[in-house]
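**Q** curious how this folds, go ahead:
(one chain, ligands or ions: 1)
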Amino acid sequence: MALRNVLTVDTENDSLRKRSREVDKIDEKILSLIEDMKETLYEKNGVGLAAPQIGILKRIIIIDIGEGPIVLINPVVVYQKGEVVDVEGCLSVPGVWGTVKRPQEVIVRGMTPEGETVEMSGEGLLAKAFCHEIDHLNGIIYTDKVIDYIDQSQIQQEAN
Ligand code: ZN
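**A** Residues are numbered from 1 along each chain as shown. Model (predicted):
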């Protein structure tokens, strides 16, 4: 496993703005990429990471909302319900937080690293994370959708 460098919006590399490609074969290279993404996510204390954030234009996301890692390959939202406005941040936009409107509930279909097609439902934080990470696969950054930016000192107070 190896830590990967997380691209930020201020770099010259424009991978964050490109559409990632479908994974057609889960081989050793893909599995090793997933392990690297996991290691990088935990090192950065993130909730989610998409492959383009480390400069790899493949449709792979990893999410951990504190209940263990969820890895999905070629994920797509197949159902969504409700609306909620909540605060988001992004490892690729360090030091910035803002409110975004997302579905309250989603069902996402994708493949596990074992090659099994699964549907996963998520509400609240998990729904938000699925939508945020899938947006990355389409070159969309949450700041494109921000309603209001949040003062950082306010966030730290809330965290305490
Ligand atoms: Zn992000």
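
**Q** tell me the strands beside the strand ranked longest in the chain, with direction?
**A** Using DSSP state E to assign secondary structure, the strand with the most residues in the chain is strand 70-81. As defined by DSSP bridges, the strand partners of strand 70-81 come to strand 60-63 (antiparallel), strand 105-111 (antiparallel).

**Q** dump the longest one to PDB, restricted to CA.
**A** Right, the one you point to is strand 105-111. Only the C-alpha atoms of strand 105-111 are listed here, as PDB (Å, rounded to 0.1, in the frame of the first residue of the first chain):
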ATOM      1  CA  GLU A 105     -32.000   9.400   0.900                       C
ATOM      2  CA  VAL A 106     -30.300   7.600  -2.000                       C
ATOM      3  CA  ILE A 107     -29.900   4.100  -3.400                       C
ATOM      4  CA  VAL A 108     -26.600   3.600  -5.200                       C
ATOM      5  CA  ARG A 109     -25.800   0.700  -7.400                       C
ATOM      6  CA  GLY A 110     -22.200  -0.300  -8.000                       C
ATOM      7  CA  MET A 111     -19.700  -3.100  -7.800                       C
END
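
**Q** ok, residue 148 - contacts?
**A** 98, 99 (CB atoms under 8 Å, 6 or more residues apart in numbering). Just so you know, the C-beta spots here come from the backbone N, C-alpha and C atoms, and that holds for glycine as well.

**Q** who touches residue 14 in this structure?
**A** Contact analysis of residue 14 by CB under 8 Å, 6+ apart lists nothing.

**Q** could you do residue 72 as well?
**A** Residue 72 touches 60, 61, 62, 63, 108, 110, 111, 112, 118, 120, counting by CB under 8 Å, 6+ apart.

**Q** distance of the first one from residue 142?
**A** Computed as CB to CB, to the nearest Å, the residue 60 to residue 142 distance reads 18 Å.

**Q** re earlier: of the contacts of residue 72, just the buried ones, ChimeraX syntax please.
**A** Remark: buried members of the contacts of residue 72, expressed as a ChimeraX selection using 16 or more other CB atoms under 10 Å:
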select :60,61,62,63,108,110,111,120
